[in-house]
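Student: Show me how the following folds:
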Amino acid sequence: GPMNKPIQVLLQDEKMHRAQACNLHSALSAALILQPSRMNERALFKSICGLSYGGDVRLRLVENRKVADIVDAQLALLRAIYADPMQAL
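Tutor: Next comes the predicted model:
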């Protein structure tokens with residue numbers, strides 16, 4: 001779901017922390033499966049952020065930079081939140 005992109009958690013508890021960690025790991029795993037064996041960081045993060053929009057036909061009908069804009073604006077934060085899941089692989 002949308003937890004694969006940077007989010008602001010309003011209620012911090014252990015259950016939410018575990019759910020977010022599981023979601024980040026799952027999003028990273030799915031994005032790695034979708035990528036070729038050699039990729040750059042930006043392509044990986046575009047694949048991760050694009051998971052939320054894969055079924056949205058509106059984004060396929062027009063040239064849309066939504067995912068690229070998210071990655072461009074949040075690259076440092078994406079690096080930070082995916083650091084632990086990347087180390088775990």
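
Student: From here on, just use CA atoms for contacts and neighbour counts.
Tutor: Will do.

Student: and the helix ranked longest in the chain, what's its mean pLDDT?
Tutor: Using DSSP state H to assign secondary structure, the helix with the most residues in the chain is helix 66-88. Model confidence over helix 66-88 averages 92 on the pLDDT scale.

Student: Give me the residues contacting it.
Tutor: 5-6, 21, 24-25, 28, 42, 45-46, 49-50 (C-alpha atoms under 8 Å, 6 or more residues apart in numbering).

Student: Which of those residues are buried, as a PyMOL select command?
Tutor: Selecting just the buried residues from the contacts of helix 66-88 in PyMOL takes one command, with 16 or more other C-alpha atoms under 10 Å as the test:
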select buried, resi 5+6+21+24+25+28+45+46+49+50
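
Student: returning to that earlier point: chain center to the longest helix of the chain: distance?
Tutor: Taking the mean of its C-alpha atoms, helix 66-88 sits 7 Å from the chain's own mean (C-alpha atoms, centre = their mean, to the nearest Å).

Student: could you dump it to PDB, C-alpha only?
Tutor: Provided in PDB are the C-alpha atoms of helix 66-88 (Å, rounded to 0.1, in the frame of the first residue of the first chain):
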ATOM      1  CA  LYS A  66       3.800  11.500 -10.500                       C
ATOM      2  CA  VAL A  67       6.200   8.600  -9.500                       C
ATOM      3  CA  ALA A  68       9.300  10.400 -10.800                       C
ATOM      4  CA  ASP A  69       8.300  13.600  -8.900                       C
ATOM      5  CA  ILE A  70       7.900  11.600  -5.700                       C
ATOM      6  CA  VAL A  71      11.300  10.000  -6.100                       C
ATOM      7  CA  ASP A  72      13.000  13.300  -7.000                       C
ATOM      8  CA  ALA A  73      11.500  15.200  -4.100                       C
ATOM      9  CA  GLN A  74      12.000  12.400  -1.500                       C
ATOM     10  CA  LEU A  75      15.200  10.700  -2.600                       C
ATOM     11  CA  ALA A  76      17.100  11.400   0.700                       C
ATOM     12  CA  LEU A  77      14.100  10.200   2.700                       C
ATOM     13  CA  LEU A  78      13.700   7.100   0.500                       C
ATOM     14  CA  ARG A  79      17.400   6.300   1.100                       C
ATOM     15  CA  ALA A  80      16.900   6.600   4.800                       C
ATOM     16  CA  ILE A  81      13.800   4.500   5.200                       C
ATOM     17  CA  TYR A  82      15.100   1.800   2.900                       C
ATOM     18  CA  ALA A  83      18.500   1.600   4.500                       C
ATOM     19  CA  ASP A  84      17.600  -1.100   7.000                       C
ATOM     20  CA  PRO A  85      15.500  -3.300   4.500                       C
ATOM     21  CA  MET A  86      18.400  -3.100   2.000                       C
ATOM     22  CA  GLN A  87      20.900  -4.200   4.700                       C
ATOM     23  CA  ALA A  88      18.600  -7.100   5.600                       C
END
